[in-house]
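[1] structural data only, the sequence is not supplied:
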């Protein structure tokens, strides 16, 4: 299953790359792609993993790119 | 018009303020004798005004040990410059860095907006009736069941059903069809079309976010989430680039200090390294160019669902076309009437038309259409897929396939091939055949030729029709390879095998109408669905959607893909060359920090501006 999330205040392309790397390291995430231009992120994972992943996202995102907020 | 967000405006004011303060300090220092500490303190004021958030970021990253971060590197470089006494340089680097960030931000936002306006389908406002009064709202705010008023010349804001009034609408933005469509009470109208003549009232049937327009816009916006290989490569490259340059900086400072004893100069050169080590220009330039190309394509009615697909389309070496609905319109015309014995052409067509009169098959329809005054049969029995048996005033007529006639013990001459056509018999005697031909789509021939010119080495046509019909169409189009009598699963098999054989060599593109070839669309490297607007399933299955029926847009798509690729290459080469040049010059002390900061943010801005050229690729 794929799910799209909006991201606010993602300021540079390199930040997007960093965020992408961090989100990909969350357990259960099969593939995450972050677009700086769309200010969006798409996560591919099993449906039953999503609640766990979504709980993990804000913390992981903050750690990787402190300024941005992922709208979960 | 440049529109700035609050955040961008704030940064702009800070840059201006910092610049003024910097100028004042710079001039004062030249004319007034001040001690070193006072000068430093004076310079620190504009430095902080411009870059306090960068410095905050530095601390946040330092705590976490992220020393290869942009903010960390910038702060390290500028503070380093302050320590070795290069005050104005330090402030200027910070100022320029922030200016570049601002530009970059604005440019990205601007291109995002211009792509949605390029498509010209995005309605801005909706006029609804609330509490008996007209009110202008955003389309997103309208609820299902509300009544909207649409005047002549306005864009239809939401998917709705007409309740009052009559008019004509231009649906070209959605379907590419330029002939106006009449609408009246009960007509369904789609958001994004333009109301041409009269005022209508309509009731909203779908939320804006569910409308076709919103889906198209979202599809284009989300295209950047499907990344091109070249983008992934650069992101990986930058992960090594930054640490390598930073290590190089440290090495340079240490080795040169030991070798020459000039610590200040060594550190200064190393600081330039730090400024140049930021990877942003590289990382942004590739997706930005693809986004420009995708935006350009969508403005011409070609929706591309990802940068990876645009990239693959540029590498197309094999094109596989489905025949009916893609290369041909699905309609037929009578090509030849070949009577047998004493029967005349006119008699033959008139008998066949009478027999086929009530049939709904496209072949039957074209036979009836070719007859001047078709008569109606007395009675008809239809044997599905084979033919019809009709009682007419002139006797019993059988019209259908060779097999159908032979099944009824009517001899058909051996050499009478017919392709997509019918054999006719009267009172159990064969009286001739009617040969039909596919109507080719406009520009189908030209497209095949254009593709060949663009270096597409192999073009195939797949069809469920028999060999005779297939070869006639293939020949008319100049396609050498065709496969006939194929079932849907055969087509899927064929494309799958072709993809496997060409893995890593070039891309296999399949073009279909998206209605019953969804599996083939998803099996090919690039699946193009034609005229698929309105069919959500086709949009879902395809990688590229051509909104209207114009097949020539396949060639246009390749052109845009190749130009985009060229811009990507230019950007990457430009950014890398400038950065490496500055690194080399810096090691030999032939440049200064000002140039270094240009190599970072200046290059990023130039790369973005170049990327925006991709939006303006012409036909």
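    Noted; the coordinates are in hand. All figures in this text were calculated on a predicted structure; none of them were measured in a lab.
[2] for chain B, which residues are neighbours of chain A?
    Applying C-beta under 8 Å from any C-beta of the partner chain, we find that chain B lies next to chain A at B:7, B:57, B:60, B:64, B:70, B:101, B:104-105, B:108, B:111-112, B:221-222, B:224-227, B:235, B:238-239, B:278-280, B:283-284, B:287-288, B:291. C-beta coordinates here come from the backbone N, C-alpha and C atoms, glycine included.
[3] of those, just the buried ones, ChimeraX syntax please.
    Restricted to buried positions by 16 or more other C-beta atoms under 10 Å in any protein chain shown, the ChimeraX selection for these reads:
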select /B:57,70,101,104,105,108,111,112,221,222,224,225,226,227,235,238,239,278,279,280,283,284,287,288,291
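[4] residue closest to the middle of the chain?
    Since you didn't name a chain, this refers to chain A. Nearest to the mean C-alpha position of chain A, by C-alpha atoms, centre = their mean, lies residue A:23 at 4.9 Å.
[5] ah, no, chain B please
    residue B:304 (2.4 Å).
[6] show me what that residue is bridged to.
    For residue B:304, the beta-bridge partners under DSSP bridges are residue B:544.
[7] that one against residue B:310, yeah?
    Yes. Between residue B:304 and residue B:310 there is a contact under C-beta atoms under 8 Å: 5.1 Å.
[8] residue B:85 in helix, strand or coil?
    The local conformation at residue B:85, judged by DSSP: H, G, I helix; E, B strand; the rest coil, is coil.
[9] give me phi/psi at the closest residue to residue B:571 other than its chain neighbours?
    Closest residue to residue B:571 apart from its sequence neighbours, by C-beta to C-beta, 6 or more residues apart in numbering or on different chains: residue B:285 at 3.7 Å. With angles defined as degrees, to the nearest 10, residue B:285 shows backbone torsions of phi -70, psi -30.
[10] contacting residues for the residue nearest to the centre of chain B?
    For residue B:304, the contact set (C-beta atoms under 8 Å, 6 or more residues apart in numbering or on different chains) comprises B:220, B:223, B:293-294, B:297-298, B:310, B:313, B:543-544, B:557.
[11] filter those down to the ones in helices?
    B:220, B:293-294, B:297-298, B:310, B:313, B:557 (DSSP state H).
[12] would you list those residues in TSV and tack on neighbour count and pLDDT?
    Below are those laid out as TSV (neighbours: other C-beta atoms under 10 Å in any protein chain shown; pLDDT from 0 to 100):
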residue	neighbour count	pLDDT
B:220	23	79
B:293	31	91
B:294	32	89
B:297	28	88
B:298	23	83
B:310	31	95
B:313	27	95
B:557	25	94
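[13] closest to residue B:582 out of those residues?
    residue B:293 (28.9 Å; C-beta to C-beta).
[14] hang on, isn't residue B:250 packed against residue B:271?
    No. Contact criterion C-beta under 8 Å: residue B:250 and residue B:271 do not qualify, at 11.2 Å.
[15] neighbour count for the two, which is higher?
    More neighbours surround residue B:271 than the other of residue B:250 and residue B:271, with 29 against 12 (other C-beta atoms under 10 Å in any protein chain shown).
[16] which helices and strands sit right next to the helix or strand where that one lies?
    If you go by DSSP states H and E, residue B:271 is part of helix B:263-276. Identification of packing neighbours for helix B:263-276 by 3 or more C-beta pairs under 8 Å, 6 or more residues apart in numbering or on different chains; DSSP states H and E yields helix B:70-83, helix B:229-260, helix B:553-587, helix B:593-597.
[17] same list (the ones you listed) but as JSON lines, adding distance to residue B:152.
    What follows is the helices and strands packed on helix B:263-276, written out as JSON lines (distance: least, C-beta to C-beta, whole Å):
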{"stretch": "helix B:70-83", "distance to residue B:152": "52"}
{"stretch": "helix B:229-260", "distance to residue B:152": "45"}
{"stretch": "helix B:553-587", "distance to residue B:152": "30"}
{"stretch": "helix B:593-597", "distance to residue B:152": "54"}
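[18] out of those helices, flag the one nearest residue B:339.
    Closest among the helices and strands packed on helix B:263-276, using C-beta to C-beta: helix B:553-587, at 41.1 Å.
[19] residues contacting residue 39?
    By default, I'm working from chain A. A:6-8, A:10.
[20] um, chain B though
    Counting by C-beta under 8 Å, 6+ apart, residue B:39 has contacts B:25, B:29, B:87.
[21] which SSE is the residue lying closest to the first one once chain neighbours are set aside in?
    The reference is to residue B:25. Nearest residue to residue B:25, sequence neighbours excluded (C-beta to C-beta, 6+ apart): residue B:42, at 4.6 Å. Under the criterion of DSSP H and E, residue B:42 resides in helix B:36-63.
[22] chain center to that helix: distance?
    Averaging C-alpha coordinates over helix B:36-63 and over its chain gives two centres that are 44 Å apart (C-alpha atoms, centre = their mean, to the nearest Å).
[23] and the helix or strand bottoming out on mean pLDDT in chain B, what does it pack onto?
    Sorting the helices and strands of chain B by mean pLDDT, DSSP states H and E puts helix B:172-175 at the bottom, at a mean of 71. Where contact means 3+ C-beta pairs under 8 Å, 6+ apart, helix B:172-175 is packed against helix B:212-222.
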